[in-house]
Every structure is written in C-alpha cells, then in structure tokens.
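1. sequence-free structure coming up:
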C-alpha cells in the first residue's frame, strides 16, 4: 500500500503518543494504518514543526541540551536518545537485554532501546546513582503515575538536580485514556502513601486499575479533541479479581497506575506539597494536553509561595471545571 509522501512513521508516533500506545496494545499494525483510518480526518500531526514535534518542544522547553541528563524509564521509546547526541544516562526497571526480550514480537523497534546505565530495583534514586546534584535535566515520560510513593519520588529527583536543573514530566491525562472512569488523585491519598513509605501499589490500586480500565473505539488512549468518553471496559471482572488475589498472596510487583491526573489536579498537588514543605520544586512551565498527555516542567523554587495559600479554592474549581 503506497503511503502519503509526507508521512513519517517515527514522527507521527512522536507527535501522537496515544497512537503509539494503541499500537502496543495491538489495536493497529502501525502508525500509518491509524492515520489512514482516523488521523488524516482528525488533522493529526504529520511533520515536525521547526525541527521539533509539539511533544518535543514541550519536553525540552527549559532543558539545557548541553548539560548532563537522566531519562527515567524510556523503555523502547527514548525521548533523548544517546545515539542522537544527548549527554544522558538511562535509568530503567530492566537492563537493555531484558527490555529487548520483553518487547520481542510486540511490533516495536528494538533498535531504539538504549543501553541502560542504572537498573532500578526499588532503592532511592540517589543511592542507585551514588551522587546528588549532578543532573541538569531529568525526563520522565509516563512514569510519575506508576510510582507507589509520589512524594519520595519527587524528593529524590529534586536531590539529583543541579541548582538550575529541571524535571520534565510527560503525564497521561486521565480524561483521555483507560483511566477515564477512575477519579483524579488528590493530595491526601499521596500523603498517605508517603507516610506509609509504600514501595509497591496497594491491592486496592491493583483492583481499581484493572476493574475500571476502559477504551474508546478499541483504543486505550485517544485524543483530547475526540468527543465523548470511554465506550467499554478493557477487562472482565474476573481478571480484576484474579489480580487482586495475586497481589494479596504473592510478592510479585504488579505494575499499575497508582495515581491519575488532569493538568489542574497535578498543579494543585504540587502546590500543596510545596506549602507542606515536602518539596522545594515548583512548576516552571506547563503545556496543555496534546493527544492523551500533558507536560509539566519542575524546577527549584525561586520565590516565596506564601501568597499562593489563598488560591486553593480557585485551584479546586479549576479541577472541577476540567471535568
């Protein structure tokens, strides 16, 4: 089948991460098949703008590309690959060989998998890396929603950053992915996890993740421009029941979304944690939801946040308005 002359598979998937997720789930053979069926009529991104996709412009907005970076959990789709010239360390839950074995036969480009510098087994990041205040930037795409202890993760990244370093996060918007039916996370839940020093998802989080997972038009992620919400559930109740029981009876780490965010709810959480003196990071830049994800860049706090204490009501209204 002849493709459009302008079509570029790699750039299309970078500009439309929800399509990449759908391909991983087996709903499409490749990006071009999605483009022909849906993307062309939806006006989906084909070419890079000024050399960068909107996603790349958001991620790298405040990053000093000449500095030393850390990319957390890039798996088979790094944003700042070494082979592109980035001075970057890779941290993942498995070695490169283990990742290649994991994704064998999953219709992904195994050549994109980076050599992993640090294999994370649950220890604090600064303990694994063996140093602090060394990274000018950290990129974590679709990671923050998985970490059992949100506060400790933010604190560990904060310790790894240089004075002017930034943490660039790519975060799924719960309104446009399989988290659709689950409520957004609020600060109190995150505080409980911090005080309990959680190192794995709770059994309840495992159950909710599987029992409530939904899809739209057979895809577990869709664009913010799509009208309406999810149309059906992904799993049978028996699957949620089985995984819940497994989480109770075994020591297996069951990877799920522990937290769910919208742009306003994430903004509120970071503000709350700063006001509670649990982090010295603040939001330096934000980009609205594109496809199924939004983008936030955090950096060391440069001014007093006392004046923001009275704006929490407005923040809560903003979360409600997003629904």
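-> Sure thing, it's come through. Because the structure is predicted, anything quoted here is derived from the model rather than measured.
2. and the nearest residue to residue 103 once chain neighbours are set aside, its phi and psi?
-> In space, and not counting its chain neighbours, residue 103 is closest to residue 76: 5.3 Å by CB to CB, 6 or more residues apart in numbering. C-beta here means a position set from N, CA and C on the backbone, and glycine is covered the same way. Phi and psi for residue 76, reported as degrees, to the nearest 10, are phi -100, psi 10.
3. center of this structure - which residue?
-> residue 142 (1.6 Å; CA atoms, centre = their mean).
4. and residue 73, how far is that from residue 30?
-> 23 Å (CB to CB, to the nearest Å).
5. who has more neighbours, the two?
-> Taking other CB atoms under 10 Å, residue 73 and residue 30 do not tie; residue 73 has more neighbours (19 against 14).
6. next up, the contacts around that one.
-> Contacts were defined as CB atoms under 8 Å, 6 or more residues apart in numbering; by that measure residue 73 touches 91, 92, 93, 140, 141, 142, 143.
7. top of those residues by neighbour count?
-> Ranking those using other CB under 10 Å puts residue 141 first, with 24 neighbours.
8. give the closest residue to that one in space, chain neighbours not counted.
-> Once flanking residues are discounted, residue 141 sits nearest to residue 170: 3.8 Å by CB to CB, 6+ apart.
9. quick one: residues contacting that neighbour.
-> Residues counted as contacts of residue 170 (CB under 8 Å, 6+ apart) are 17, 55, 58, 59, 79, 139, 140, 141, 142, 293, 294, 295.
10. and of those residues, the nearest to residue 156?
-> Distances from residue 156 to the contacts of residue 170, taken as CB to CB, are shortest for residue 140 (11.2 Å).
11. just the buried residues of the contacts of residue 170.
-> Among these, those classed as buried by 16 or more other CB atoms under 10 Å are 17, 55, 58, 59, 79, 139, 140, 141, 142, 293, 294, 295.
12. surely the last one touches residue 266?
-> No: between residue 295 and residue 266 no contact is recorded; they are 10.5 Å apart, counting by CB atoms under 8 Å.
13. can you list residues touching both of the two?
-> With CB under 8 Å, 6+ apart, residue 295 and residue 266 have common neighbours residue 171.
14. next secondary structure after the lowest-mean-pLDDT helix or strand in the chain?
-> Within the chain, no helix or strand scores below helix 40-42, which has a mean of 69 by mean pLDDT, DSSP states H and E. Later in the chain than helix 40-42, the nearest helix or strand by DSSP states H and E is helix 54-59.
15. packing partners of that next one?
-> helix 9-15, strand 161-172, strand 281-290, strand 293-300 (3 or more CB pairs under 8 Å, 6 or more residues apart in numbering; DSSP states H and E).
16. could you dump these into a markdown table and include distance to residue 320 and mean pLDDT?
-> Below are these laid out as a markdown table (distance: least, CB to CB, whole Å; pLDDT from 0 to 100):
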| stretch | distance to residue 320 | mean pLDDT |
| --- | --- | --- |
| helix 9-15 | 30 | 72 |
| strand 161-172 | 19 | 97 |
| strand 281-290 | 17 | 94 |
| strand 293-300 | 17 | 96 |
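17. nearest to residue 247, of the ones you listed?
-> Within the helices and strands packed on helix 54-59, the stretch nearest residue 247 is strand 161-172; the backing value is 22.0 Å (CB to CB).
18. avg pLDDT for the next helix or strand after that closest one?
-> Once the chain leaves strand 161-172, the next helix or strand it forms, by DSSP H and E, is helix 187-195. Helix 187-195 carries an average pLDDT of 98.
19. and helix 187-195, what's buried?
-> Residues 187, 190, 191, 193, 194 are the ones in helix 187-195 that count as buried (16+ other CB under 10 Å).
20. against residue 272, how distant is the last one?
-> Translated: residue 194. Residue 194 sits 12 Å away from residue 272, going by CB to CB.
21. and the strands in this structure?
-> Using DSSP state E, the strands of the chain run over 69-72, 88-92, 118-119, 135-141, 161-172, 214-215, 232-233, 281-290, 293-300.
22. name the helices or strands packed onto the first one?
-> By that I understand strand 69-72. If you count contacts as 3+ CB pairs under 8 Å, 6+ apart, strand 69-72 packs onto strand 88-92, strand 135-141.
23. just the pLDDT for residue 83.
-> Reported pLDDT at residue 83 in the predicted model: 89.
24. and it, what does it touch?
-> residue 114.
25. and if you look at residue 77?
-> Applying CB under 8 Å, 6+ apart to residue 77 gives the contacts 13, 20, 108, 112, 141.
26. what's the pLDDT at residue 245?
-> 98.
27. before we move on, the earlier item: can you list the helices and strands packed on strand 69-72 in JSON lines and add mean pLDDT and distance to residue 116?
-> Putting the helices and strands packed on strand 69-72 into JSON lines (pLDDT from 0 to 100; distance: least, CB to CB, whole Å) gives the following:
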{"stretch": "strand 88-92", "mean pLDDT": "97", "distance to residue 116": "5"}
{"stretch": "strand 135-141", "mean pLDDT": "98", "distance to residue 116": "15"}
